[in-house]
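Enquirer: this one's sequence-less:
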């Protein structure tokens, strides 16, 4: 009977350790989930802002109703410019991202970034074209 109790106790300890290891390995992914979904919301807000403001990238949190403040769970580079992001689309990934810098759980981030780039290009196409047509002084 003592051997059976020890076997049960050992099994419970091993089970507890397994749950602990799994919990520790999943913690970064689960804790970042909220930030990832808020980042997608930020991308949607930026797209709307671009459409309403002639393609101008938001330069302050106030322009997005303070929904994404500096130091929050979503990082937005308010010093970026639409022109720079269009010329260097790879910078878009750093211009709006979860605070951790990584997406662990949200599977459609690339699609949302592509849509943001398309919105940037579309809302600035006419403006940049007009600037190129003006004669240099």
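Expert: Happy to help now that I have it. Remember, it's a predicted structure, so these values are computed and weren't measured experimentally.

Enquirer: in the protein, which spans are helices?
Expert: With DSSP state H as the criterion, the chain has helices at 2-52, 82-87, 92-95, 109-133.

Enquirer: Tell me which of the ones you listed sits nearest to residue 63.
Expert: Proximity to residue 63 (C-beta to C-beta) singles out helix 2-52 among the helices of the chain, at 6.2 Å. C-beta: built from backbone N, CA, C; applies to glycine.

Enquirer: circling back to that earlier point, of the helices of the chain, which is nearest residue 69?
Expert: That would be helix 2-52 among these, by C-beta to C-beta, at 11.2 Å.

Enquirer: Return the distance of the closest one from the chain's centre.
Expert: Chain-centre distance of helix 2-52: 18 Å, with C-alpha atoms, centre = their mean, to the nearest Å.

Enquirer: by contact count, what packs against it?
Expert: Helix 2-52 sits against strand 74-76, strand 96-98, helix 109-133, with contacts defined as 3 or more C-beta pairs under 8 Å, 6 or more residues apart in numbering; DSSP states H and E.

Enquirer: How about the contacts made by residue 74?
Expert: Under the criterion of C-beta atoms under 8 Å, 6 or more residues apart in numbering, the neighbours of residue 74 are 35, 38, 39, 41, 42, 68, 96, 97, 98, 99.

Enquirer: Distance-wise, check the fifth one relative to residue 7.
Expert: From residue 42 across to residue 7, the span is 53 Å (C-beta to C-beta, to the nearest Å).

Enquirer: More neighbours: the two, which one.
Expert: With neighbours defined as other C-beta atoms under 10 Å, residue 42 and residue 7 compare such that residue 42 has more, 25 against 10.

Enquirer: Go ahead and confirm the more buried one touches residue 95.
Expert: No - if you go by C-beta atoms under 8 Å, residue 42 and residue 95 don't touch, sitting 10.3 Å apart.

Enquirer: For residue 121, which residues are in contact?
Expert: Here residue 121 is in contact with residue 86 (C-beta under 8 Å, 6+ apart).

Enquirer: again, only this time at 10 Å
Expert: Residues in contact with residue 121 (C-beta atoms under 10 Å, 6 or more residues apart in numbering) are 55, 82, 85, 86, 89, 128.

Enquirer: I'd like the distance between the first one and residue 33.
Expert: When you say that, I think you mean residue 55. Distance from residue 55 to residue 33, counting by C-beta to C-beta: 31 Å.
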